[in-house]
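Novice: give me the fold of what follows.
(2 chains)
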Amino acid sequence: MAFEPLPKTRETQKMTQDLSGSADLHAFRSHTCGALRLEDVGANVRLSGWVHRVRDHGGVLFVDLRDHYGVTQIVCDPDSPAFADMELVKSEWVIRIDGVVKARSEDSRNDTLPTGAIEIFVREMEVLGAAKELPLPIFGEPDYPEETRLKYRFLDLRRETIHNNIMKRAQIISSMRQRMIDAGFFEFQTPILTASSPEGARDFLVPSRMHPGKFYALPQAPQQFKQLIMMAGFDRYFQIAPCFRDEDARADRSPGEFYQLDIEMSFVTQEDVFQAVEPVLRDLFVEFADGASVTESFPRIPYKEAMEKYGSDKPDLRNPIVMENVTDHFAGSGFKIFAGMIEKDPEVRVWAIPAPTGGSRAFCDRMNSWAQGEGQPGLGYIFFKDGAGSGPVAKNIGEERTKAIAEQLGLGDGDAVFFVAGVPKNFLEFAGSARVRVGDELGLSETDGFKFCWIVDFPMFEWNEDEKRVDFSHNPFSMPQGGLEALETQDPLTINAYQYDIVCNGVELSSGAIRNHKPEIMEKAFDIAGYDRQVLEDKFGGMLRALQYGAPPHGGIAPGVDRIVMLLCGEPNIREVTMFPMNQQAEDLLMSAPSDVSPSQLRELHIRLNLPKE
RNA sequence: GGGGGUGUAGCUCAGUUGGUUAGAGCGCUGGCCUGUCACGCCAGAGGCCGCGGGUUCGAGUCCCGUCACUCCCGCCA
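Specialist: Numbering: from 1, shown residues only, chains lettered A, B, ... in the order given. I've put the predicted structure just below:
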């Protein structure tokens, strides 16, 4: 096994000194299990580690000894005083061995191991920690049920892939931190016990002993604190910040907690934030992408354009398909379904999803039945062969319009195009998934590399259909474009915010904004979203007060650390890059959290349980 | 809260149209083996077929319910 080699620390260097004569040897090891090479032949060494694998040939016995740094073969035969003891060791026992480094014969070298040119002939062995029969094997790391892996996480973490993932995570975080420091940012801690906030996700609550009936909340993000840090004049803040949200899990979302590279800067425009953050992320990805391509300069795509071209505010740009408006080609055409819709409602649009190389009836039919499976009436299409368009749509709109569509989209023989029609906000999501589907089915997407973009100009407000009112669509502390004047004169639903996301390969990596640092604009914004002054005072009093005593213009962003590590490790599941994750039911199977607490603990907190009936 | 998938040995999985004693590989235990590195060979132990109910002469297999895990929707400013 070869865990990613680490730069030698002072400690490991000391350990790799050749210490001849066992009287001088360190109690546990003179070298790590990844250290010894051909030039060490003849040295008396002491190694400690886990028994990775035993190969017992009766007369000769091999043990692969493993630690964090690597694997070294230990060999033993009846000439060794340790032979009887060595015959008893089992997988995952922790042992210490003393012995001499020997060169392996030419034909018995193992080139797959860095230590493969040598082996240790063991003279003495001590069992430091025996192991019971294993609930999951380390060697070979076969697939195991997640429940078992989480319950025995300490064993699971010995396995090569996840061990390397966790090491990569540590290196990524270290690099991130250094890059931020080098860019002139300062790392500050913010409270873990804070106040519940009415906006956003469900809070984790912590009862207060000293204030019966009152609760702290764990921060969903240090949002208000980082703004207060700016108001306190510290200018440039960052933190690898733990964030807590009591929401249900997904494959890419831990239940409960996750980390953000939280960033905030004073006296900045949106452009300044981009200039500060883009190089950090880009260079971080270049450093850890193992040679895969990384977007050099992140394109900026307005929210509205992203929705129109990709049907998503987190487009995967590895997929080259760009949707286009083809309404004019259908207005008044012979394809009565679409033509009729367009005539009835001026908001109706027809969008084309080009499908280069998809020009066969079989493929188009397959897409059509997929669409029906998604609850759609179907998916209109044209496919092109022999210099003309085929299929029912082409027949109905006629040769001229078919040709115009092909020209607009740059399609020719062997290609196809699909159509969705209706009021865009109703079909956007479906159109976006059809775009992804076409790209996947036709293998059009690049498979490696990291394609970044900024999504900018998010709307400040959105219509809450359930409650029939205007709501914040994103962060309520964002600065509306146009400032107070826009809030006072424009339809709220047309106002954009200085609000932006970074998207990579279809994953929303971070979200940020230029903040609203003017109390009167903030009051107006909350007023539009239906929060009166009193709510603002009650819930954001500290913040509001701070804004009234000289607040600098400021803004920031918060890239998600776990998702960055997932992308760089190529893992589809966040639990593969988290040391001690909870399961989907938000339980920690190793520590047994959440757990019951004693009646006296509850009494102290003035809490009486009122449990749901079975 | 809702939908999909899965559930057979410690693990990965096979198990025909409902039919005798539920199999394989890995792991484990014992034995043999002096150059392996996925060592090899021989033998053995190990099963409430997730759980409960039903249909049937007969259920791992069909039906209903339920539980667990997982993926998705809701949720995630």
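
Novice: CA atoms for contacts and neighbours, from now on please.
Specialist: Noted.

Novice: in terms of helices and strands, where is the most centrally placed residue in chain A?
Specialist: Among the residues of chain A, the one closest to the centroid is A:R563, at 1.0 Å (CA atoms, centre = their mean). In the assignment (DSSP states H and E), A:R563 maps to helix A:561-569.

Novice: for that helix, name the packing helices and strands.
Specialist: Applying 3 or more CA pairs under 8 Å, 6 or more residues apart in numbering; DSSP states H and E, we find helix A:561-569 packed against helix A:160-182, strand A:256-266, strand A:507-514.

Novice: would you format these as a markdown table with mean neighbour count, distance to RNA strand B and mean pLDDT included?
Specialist: Converted to a markdown table, these look like this (neighbours: other CA atoms under 10 Å; distance: least, CA to the nearest atom of the strand, whole Å; pLDDT from 0 to 100):
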| stretch | mean neighbour count | distance to RNA strand B | mean pLDDT |
| --- | --- | --- | --- |
| helix A:160-182 | 18 | 14 | 96 |
| strand A:256-266 | 23 | 9 | 95 |
| strand A:507-514 | 22 | 8 | 94 |
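
Novice: could you find the closest non-adjacent residue to the residue in the stretch 451-600 of chain A positioned nearest to RNA strand B?
Specialist: Closest approach between the stretch 451-600 of chain A and RNA strand B, counting by CA to the nearest atom of the strand: A:H474, at 2.7 Å. Nearest-residue entry for A:H474: A:M460, 6.9 Å, with adjacent residues in sequence omitted and distances by CA to CA, 6 or more residues apart in numbering.

Novice: for A:E296, same thing?
Specialist: A:R282 (7.2 Å).

Novice: which parts of the stretch 201-350 of chain A sit against RNA strand B?
Specialist: A:A201, A:R202, A:Q220, A:A221, A:Q223, A:R245, A:E247, A:D248, A:A249, A:R250, A:A251, A:D252 (CA under 7 Å from any atom of the strand).

Novice: with the stretch 351-500 of chain A instead?
Specialist: Near RNA strand B, when you scan the stretch 351-500 of chain A using CA under 7 Å from any atom of the strand, you find A:F472, A:S473, A:H474, A:N475, A:P476.

Novice: does the second one touch A:N464 like I think?
Specialist: It stands for A:S473. No: contact criterion CA atoms under 8 Å: A:S473 and A:N464 do not qualify, at 9.1 Å.

Novice: can you show me the helices along the stretch 101-250 of chain A?
Specialist: A:146-151, A:153-156, A:160-182, A:223-231 (DSSP state H, counting those that start in this stretch).

Novice: now do stretch A:140-151: distance to the chain's middle.
Specialist: Remark: stretch A:140-151 is offset 22 Å from the chain centroid, using CA atoms, centre = their mean, to the nearest Å.

Novice: who touches A:Q585 in this structure?
Specialist: A:Q585 makes contact with A:D248, A:A249, A:P255, according to CA atoms under 8 Å, 6 or more residues apart in numbering.

Novice: okay, the residue nearest to A:H474 and A:V127: tell me how far apart.
Specialist: Per CA to CA, to the nearest Å, A:M460 is found 65 Å from A:V127.

Novice: neighbour-wise, which of those two wins?
Specialist: A:M460 (26 against 14; other CA atoms under 10 Å).

Novice: give the contact list for the more buried one.
Specialist: So A:M460 contacts A:F472, A:S473, A:H474, A:S478, A:P480, A:P492, A:L493, A:I495, A:N496, A:A497 (CA under 8 Å, 6+ apart).

Novice: of the contacts of A:Q585, select the buried ones using a ChimeraX command.
Specialist: Here is the ChimeraX command that picks out the buried ones among these, judged by 16 or more other CA atoms under 10 Å:
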select /A:255
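
Novice: now the contacts of A:Q585 as JSON lines including distance to A:E343?
Specialist: Converted to JSON lines, those look like this (distance: CA to CA, whole Å):
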{"residue": "A:D248", "distance to A:E343": "44"}
{"residue": "A:A249", "distance to A:E343": "44"}
{"residue": "A:P255", "distance to A:E343": "48"}
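
Novice: ok, so of the contacts of A:Q585, who is nearest RNA strand B?
Specialist: A:D248 (4.2 Å).

Novice: how about that closest one, nearest residue that isn't a chain neighbour?
Specialist: A:P255 is the one closest to A:D248 (CA to CA, 6+ apart), at 5.7 Å.

Novice: what sits against the one you found?
Specialist: If you count contacts by CA under 8 Å, 6+ apart, A:P255 has them with A:R245, A:D246, A:E247, A:D248, A:A249, A:M582, A:N583, A:Q584, A:Q585, A:A586.

Novice: among the residues you listed, which ones are buried?
Specialist: For these, buried by 16+ other CA under 10 Å: A:R245, A:D246, A:E247, A:M582, A:N583, A:A586.

Novice: give me phi/psi at the second one?
Specialist: Note on A:D246: its backbone torsions stand at phi -90, psi 70 [degrees, to the nearest 10].

Novice: contact partners for it?
Specialist: Taking CA under 8 Å, 6+ apart as the test, what A:D246 contacts is A:A201, A:R202, A:D203, A:F204, A:P255, A:G256.

Novice: and which of those is nearest to A:R361?
Specialist: A:R361 lies nearest to A:P255 out of the contacts of A:D246, by CA to CA, at 44.2 Å.

Novice: now that closest one. Its backbone dihedrals?
Specialist: With angles defined as degrees, to the nearest 10, A:P255 sits at phi -70, psi 130.

Novice: do the same with A:S360
Specialist: Dihedral angles of A:S360 (phi, psi; degrees, to the nearest 10) stand at phi -130, psi 150.

Novice: wait, it sits on A:G414?
Specialist: Yes: using CA under 8 Å, A:S360 is in contact with A:G414, at 7.2 Å.

Novice: checking my notes, the residue nearest to A:E296 in a helix, right?
Specialist: Yes: under DSSP: H, G, I helix; E, B strand; the rest coil, A:R282 sits within a helix.

Novice: you'd agree it is up against A:A289?
Specialist: No: in this structure, A:R282 is not within contact of A:A289 by CA under 8 Å, at 10.1 Å.

Novice: find the closest residue to RNA strand B in the stretch 151-300 of chain A.
Specialist: Counting by CA to the nearest atom of the strand, the stretch 151-300 of chain A gets nearest to RNA strand B through A:G200 (2.8 Å).

Novice: in the stretch 301-450 of chain A, which residue sits closest to RNA strand B?
Specialist: Counting by CA to the nearest atom of the strand, the stretch 301-450 of chain A gets nearest RNA strand B through A:E429, at 9.8 Å.

Novice: name the element that residue belongs to?
Specialist: helix A:424-441.

Novice: ok, back up a step: can you get me a residue count around the residue of the stretch 151-300 of chain A closest to RNA strand B?
Specialist: 11.

Novice: how about the residue of the stretch 301-450 of chain A closest to RNA strand B: what's its closest non-neighbour residue?
Specialist: A:G311 (5.8 Å).

Novice: and what of A:P198?
Specialist: Nearest non-adjacent residue to A:P198 (CA to CA, 6+ apart): A:K539, at 7.2 Å.

Novice: looking at this, the one you found is in a helix?
Specialist: Yes: using three-state DSSP, the assignment for A:K539 is a helix.

Novice: surely it and A:S197 touch.
Specialist: Yes: with contact defined as CA under 8 Å, A:K539 reaches A:S197; the gap is 6.5 Å.

Novice: circling back to that earlier point, count the neighbours of the residue of the stretch 301-450 of chain A closest to RNA strand B for me.
Specialist: Other residues close to A:E429 by other CA under 10 Å number 16.

Novice: and A:V597, its phi and psi?
Specialist: phi -120, psi 160.

Novice: tell me the secondary structure at the residue sitting furthest away from the middle of chain A.
Specialist: No residue in chain A sits farther from the centre than A:D79, which is 54.3 Å out by CA atoms, centre = their mean. Three-state call for A:D79 (three-state DSSP): coil.
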